[in-house]
Structure formats: C-alpha cells, structure tokens
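[1] Quick one: sequence and predicted model below, then my questions.
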Amino acid sequence: MLNRYARAFFTKVFTPLARLLLKLGVSPDVVTLVGTLGVCVGALAFYPRHEFFWGTIVITAFVFSDTLDGIMARMSNRSGNWGAYLDSTLDRVGDAAIFGGLVLWYAGDGRDTLMAALALACLILGSVVSYSKARAEGLGMTANVGIAERADRLVAVLVATGLVGLGVPEVLLTVVLALLAVASFITVCQRVLTVRRQALSRA
Ligand SMILES: CCCCCCCC/C=C\CCCCCCCC(=O)OC[C@H](COP(=O)(O)O[C@@H]1[C@H](O)[C@H](OP(=O)(O)O)[C@@H](O)[C@H](O)[C@H]1O)OC(=O)CCCCCCC/C=C\CCCCCCCC
Ligand SMILES: Nc1ccn([C@@H]2O[C@H](COP(=O)(O)O)[C@@H](O)[C@H]2O)c(=O)n1
Ligand SMILES: [Mg+2]
Ligand SMILES: [Mg+2]
C-alpha cells in the first residue's frame, strides 16, 4: 500500500541527494550495500541489547537507501537486472536482521517466548511474501498485490519498536507483531490466488 502511495513523495524528497551522490561518483550498488550494512548493524547491534529506540533510529537512517538506490539507478540510466537482483536479495538480508534482532532479544535476555515466536513468524512469513512474488516473476507472471508489502511491514515494525524503546508499554509491539504476522499470511494468500488465476488462464 505505502509502496504505491508514498513512492512519488519519497522520490521527490530523495532526488536531490541522489543527484549529489551521482555527481560525487557514488554508484547505486554502493548505496544498496552500505544501506543494508547500516540496517544490519542497527538491528543486530542494538535490538539484542534491548536498545530499541537507538536501533530504530539507526535502521531508519539507512533503510531509505532502498528508495535512494533505485532513484540513482534510473537517473543514471543504470537500471538493470543486476541492480534489481542485488536490491531484492539484500532487502531479504536487511529484513531478516530487523526481525532476527528482535528474536535474539526475546529468545535471550528478554525471555519472552510469545514475543520471540511472533517476531520469528513475521520474519518467516515476510520472506514467504517476497518469495511468492519473486517466484511468480521468475515464471513470467506478476504478484504485485497484498496488504503487507515490504514498506508496510517495515513501517509497522519500526514505529512499534521505536515507540516501545521510548517507553510505551510492550503490549503495543505484541499486538503489532501479531497483526503483522496475520497480514503477511493474508498477503501470501492474496499472491498465491493472483498467480493461480494467471497460471490457469494461461493453461
Ligand atoms: C516514533 C518512535 C521513534 C522511532 C521513529 C522511527 C520511525 C520509523 C518509521 C518508519 C520508517 C519506515 C521506513 C520504510 C522504508 C521503506 C523502504 C522501502 O521499502 O523502500 C523501497 C521500496 C522500493 O522497494 P523495491 O523496489 O526494493 O521493491 C521490492 C519490494 O519491496 C518487494 O517487497 P515484498 O515482495 O516483500 O512485498 C520485494 O519483493 C523486493 O525485494 C523489492 O525489491 O519502496 C519505496 O521506495 C516506496 C516508498 C517507501 C515508502 C516509505 C513509507 C514511509 C512512511 C513513513 C515514514 C516516516 C518516516 C519518519 C522518520 C522518522 C525518523 C525519526
Ligand atoms: N543497486 C541498484 C538498485 C536498484 N536498481 C534498480 O532500481 C530498481 C528498484 O528501484 P526501487 O526504487 O524500487 O528501489 C531495481 O529493479 C533496479 O532496476 C539498480 O539498478 N541498482
Ligand atoms: Mg531499492
Ligand atoms: Mg529494495
């Protein structure tokens, strides 16, 4: 949803920075790599130590590199299969680090089995959401639907985790992770049904 409605806005916001980085000779691939590294450091260095606020700030500072790299690639006419592959593959690494960081806290010193299970469910179902689209595209179909696409999942988990880091009761994160797991499952179903329709109409 956000991917559709917010893309134009964020493209406008990041275009000057994209232009500057290109002028400085920075390539879109470098932005993709550095952005993923920053997200992983933010998630894996802070969340497992229960530093939810600062972890969220670091992740948020780097996660928009995923918007920036695409803008840079298009501006410099460098969009292509390699960049698309690198972008999507590293997205999975960043997403896994974010939910994995939460799992590490709750399965470790945080000692909360329900929260660890919910974060793990979000990690797994989110990966299946992405895979269901990637596999469809690999077979020449599309699966660009769903109530919990990547940007939606990131906003939900980052806002809730950041607020808990600021002192809001943890039940907020419990509810958000539970809803996110359900929404991700629904998204998988939406994509499977979309692909099924296309596959059957081809046969
Ligand atoms: C209040 C407590 C304090 C804490 C404050 C922190 C608040 C943090 C709040 C929000 C941060 C959200 C960041 C979300 C960033 C999203 C980045 C993103 O996904 O952008 C890239 C994306 C383009 O994606 P791709 O081409 O890579 O698309 C593909 C797609 O993602 C597929 O997804 P899937 O299949 O999994 O569904 C994948 O298949 C494939 O891998 C992938 O390639 O989208 C865009 O560029 C669209 C625009 C992004 C919209 C972002 C909306 C953010 C909304 C509000 C932000 C508020 C910011 C506040 C900052 C405050 C800082 C203190
Ligand atoms: N290093 C990169 C990253 C991305 N691309 C191209 O941008 C597309 C994704 O754009 P977003 O705005 O959605 O991130 C991607 O499909 C590639 O075509 C690139 O070339 N190099
Ligand atoms: Mg990108
Ligand atoms: Mg991406």
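    Perfect, I can see it now. Source: prediction; values computed, not measured. Ligands and ions are numbered 1, 2, ... in the order given.

[2] so where is the chain shaky, pLDDT-wise?
    Residues of the chain that meet the criterion pLDDT under 70 are absent altogether.

[3] Spell out which residues of it are next to ligand 4.
    Within the chain, the positions near ligand 4 by C-beta under 5 Å from the ion are 66, 87, 91. (C-beta placed from N, C-alpha, C; glycine too.)

[4] Please flag which of the residues you listed sit within helices.
    Counted as lying in helices by DSSP state H, out of the residues of the chain next to ligand 4, are 66, 87, 91.

[5] With neighbour count and distance to residue 25 as extra columns, can I get these in JSON lines?
    JSON lines is the format used below for these (neighbours: other C-beta atoms under 10 Å; distance: C-beta to C-beta, whole Å):
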{"residue": "66", "neighbour count": "21", "distance to residue 25": "21"}
{"residue": "87", "neighbour count": "21", "distance to residue 25": "20"}
{"residue": "91", "neighbour count": "19", "distance to residue 25": "25"}
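
[6] packing partners for the longest helix seen in the chain?
    Determined from DSSP H, the single longest helix within the chain is helix 171-202. Packing partners of helix 171-202 (3 or more C-beta pairs under 8 Å, 6 or more residues apart in numbering; DSSP states H and E): helix 113-138, helix 150-165.

[7] close to ligand 1, is the first one?
    Looking back up the chat, that one is helix 113-138. Yes: using C-beta under 6 Å from any ligand atom, helix 113-138 comes into contact with ligand 1 via 129-130, 133.

[8] That helix packs against which elements?
    helix 81-107, helix 150-165, helix 171-202.
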